[in-house]
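# okay, sequence plus prediction incoming.
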Amino acid sequence: MALIYEIGTVVETKKPHPCGGTLWTVVRTGADYKIKCNTCGRLVMLSPDELKKRIKRVIGE
Ligand SMILES: [Zn+2]
């Protein structure tokens, strides 16, 4: 099943980042996804499966 998250999409994760933020922006797609914490700006790289597990809902662009 293909993922359809595109660059610029804002997503909410189930668990908050250590900084307290739950909103992230997709900044890279492909074999691995890179998402950026909207609260502290930290970048995290995840496989599509990991990303899918972490996301609670997609906020939009
Ligand atoms: Zn953060």
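Structure's in. What do you need? Remember, it's a predicted structure, so these values are computed and weren't measured experimentally.
# SS state for residue 25?
Look at residue 25: counting by DSSP: H, G, I helix; E, B strand; the rest coil, its state is strand.
# tell me the gap between stretch 4-18 and the middle of its chain.
Relative to its parent chain, stretch 4-18 has a centroid offset of 3 Å by Cα atoms, centre = their mean, to the nearest Å.
# again with stretch 41-56
Put simply, stretch 41-56 sits 5 Å off its chain's centre (Cα atoms, centre = their mean).
# what about the strands in this protein?
Using DSSP state E, the strands of the chain run over 10-13, 23-28, 33-37, 43-46, 55-60.
# just for the chain, where's the confidence low?
1-3 (pLDDT under 70).
# again, only using 90
1-5, 30, 60-61 (pLDDT under 90).
# which parts of it sit against the ion?
Applying Cβ under 5 Å from the ion, we find that the chain lies next to the ion at 17, 19, 21, 37, 39, 40, 42. Any C-beta I mention is one placed from the backbone N, CA and C, and that applies to glycine too.
# pretty sure the fourth one is touching residue 18, no?
Meaning residue 37. No. Using Cβ atoms under 8 Å, residue 37 is not in contact with residue 18; the gap is 9.3 Å.
# drop anything exposed from the residues of the chain next to the ion.
17, 21, 37 (16 or more other Cβ atoms under 10 Å).
# and the last one, what does it touch?
Think residue 37. Going by Cβ atoms under 8 Å, 6 or more residues apart in numbering, residue 37 touches 17, 19, 21, 23, 24, 43, 44.
# and those residues, which two are furthest apart?
Maximum pairwise distance among the contacts of residue 37 (Cβ to Cβ): 14.3 Å, between 23 and 43.
# neighbour count for those two, which is higher?
residue 23 (16 against 11; other Cβ atoms under 10 Å).
# okay, now the residue nearest to the more buried one when sequence neighbours are not counted: neighbour count?
Of all residues not flanking residue 23 in the chain, residue 38 sits nearest, at 4.2 Å (Cβ to Cβ, 6 or more residues apart in numbering). By the criterion of other Cβ under 10 Å, residue 38 has 17 neighbours.
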